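**Student:** Build me a model:
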Amino acid sequence: MREVKETMRILVVEDEKALANIVKKGLEEEGYAVDVAYNGEDGLFMAENESSDLIILDIMLPIVDGMTILKKVRKAGVGTPVLMLTARDAITDKVSGLDSGADDYLTKPFHFEELLARIRVLLRRDSEAKTSIIRIADLHVDMASHEVKRGEKQILLSAREYALLELLAVNRNKVLSRTYISEHIYDDEFDLDSNVIDVFVNRIRNKIDRGYETKLIHTVRGAGYVLKG
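**Tutor:** Residues are numbered from 1 along each chain as shown. As a prediction, the model looks like this:
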């Protein structure tokens, strides 16, 4: 069991009781405090009225479905990160969830280690979003305004370039595989055999590393890319 300085509270809204209890047990073993709702009505009430650091939300729920819960809590001004956990894997479902305010999307069946990794990313991102700016060496990435600076120089990026840079920045010092990047930035139809990710990484590298002695974007041969400095 890992040690934590401050207990983070996670709300799990899942009607499959066996799965919900497995997730609850596993998260508690990792040091999280976990609340569980087994139907949409209870989940909506808890999401709106109880304080959580993260919500794991199934879509296919009795009484009130997960997509309705998501829309209602976002309309109510609840900014808690939401990870959609569902058996629906169609790209249209993913887009609908993300457009409705979800922060990430994981389909069943899943590996618990991947769930933990995504939870860590969302909790870290939420913590950093409160200060808005991620600082890595002299690189500043403002997640509120999408403004990027290296020292005093402003870096202009396209929307896709910024999304990739932010993903690397949120996961700084962690090697991200091309598969991981494609899952978070591209859709299911993205061709991993193409060199699109490499092209975008090289574009960003040219904008933030060219002319600087300290390089921030690094290629890990056979593994992926990492942003560190």
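**Student:** can you give me the helices for the chain?
**Tutor:** 17-29, 40-49, 66-75, 91-99, 112-129, 159-170, 178-185, 196-208 (DSSP state H).
**Student:** Any regions of this structure where pLDDT drops low?
**Tutor:** Counting by pLDDT under 70, the chain contains low-confidence ranges at 1-6, 88-97, 99, 126-132, 185-194.
**Student:** Outline the domain layout of it.
**Tutor:** Domains of the chain are assigned by automatic domain parsing as 9-128, 132-227.
**Student:** deepest of the ones you listed, which one?
**Tutor:** Mean neighbour count, computed with mean count of other Cβ atoms under 10 Å, is highest for domain 9-128 among the domains of the chain, reaching a mean of 17. Where C-beta positions appear, they are placed from N, C-alpha and C, glycine not excepted.
**Student:** Spit out the contact partners of the residue nearest to Thr68 when sequence neighbours are not counted.
**Tutor:** Nearest residue to Thr68, sequence neighbours excluded (Cβ to Cβ, 6 or more residues apart in numbering): Gly40, at 7.1 Å. By Cβ atoms under 8 Å, 6 or more residues apart in numbering, the contact set of Gly40 is Val13, Leu61, Pro62, Ile63, Val64, Asp65, Gly66, Thr68, Ile69.
**Student:** how much space between Gly40 and Arg172?
**Tutor:** 36 Å (Cβ to Cβ, to the nearest Å).
**Student:** swap in Val34?
**Tutor:** When distance is defined by Cβ to Cβ, Val34 is 28 Å away from Arg172.
**Student:** can you check Glu41 too?
**Tutor:** Between Glu41 and Arg172 the computed distance is 40 Å (Cβ to Cβ).
**Student:** right, so of the helices of the chain, which gets closest to Gly222?
**Tutor:** Nearest to Gly222, of all the helices of the chain, is helix 178-185, at 10.6 Å by Cβ to Cβ.
**Student:** So which elements touch that closest one?
**Tutor:** Contacts defined by 3 or more Cβ pairs under 8 Å, 6 or more residues apart in numbering; DSSP states H and E place helix 178-185 against helix 159-170, helix 196-208, strand 224-227.
**Student:** please redo it, this time with the cut-off set to 7 Å
**Tutor:** On a contact count with 3 or more Cβ pairs under 7 Å, 6 or more residues apart in numbering; DSSP states H and E, helix 178-185 meets helix 159-170, helix 196-208.
**Student:** For the first one, what is the distance to the chain centroid?
**Tutor:** To tie it back to what came earlier, the one meant is helix 159-170. Between the centre of helix 159-170 and the centre of its chain there are 12 Å (Cα atoms, centre = their mean, to the nearest Å).
**Student:** Next, the residues that contact that helix from outside, please.
**Tutor:** Under the contact criterion Cβ atoms under 7 Å, 6 or more residues apart in numbering, helix 159-170 has outside partners 121, 124-125, 128, 134, 136, 141, 143, 146, 148, 157, 176, 181, 184-185, 200, 203-204, 225, 227.
**Student:** okay, that helix in CSV with CA atoms only?
**Tutor:** What follows is helix 159-170, C-alpha atoms only, in CSV (Å, rounded to 0.1, in the frame of the first residue of the first chain):
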residue,chain,number,x,y,z
ALA,A,159,-4.4,23.1,-31.4
ARG,A,160,-3.1,19.6,-32.1
GLU,A,161,0.5,20.6,-31.3
TYR,A,162,-0.7,22.2,-28.0
ALA,A,163,-2.7,19.1,-27.0
LEU,A,164,0.3,16.9,-27.5
LEU,A,165,2.6,19.3,-25.6
GLU,A,166,0.2,19.5,-22.7
LEU,A,167,-0.1,15.7,-22.6
LEU,A,168,3.7,15.5,-22.4
ALA,A,169,3.8,18.3,-19.8
VAL,A,170,1.2,16.8,-17.5
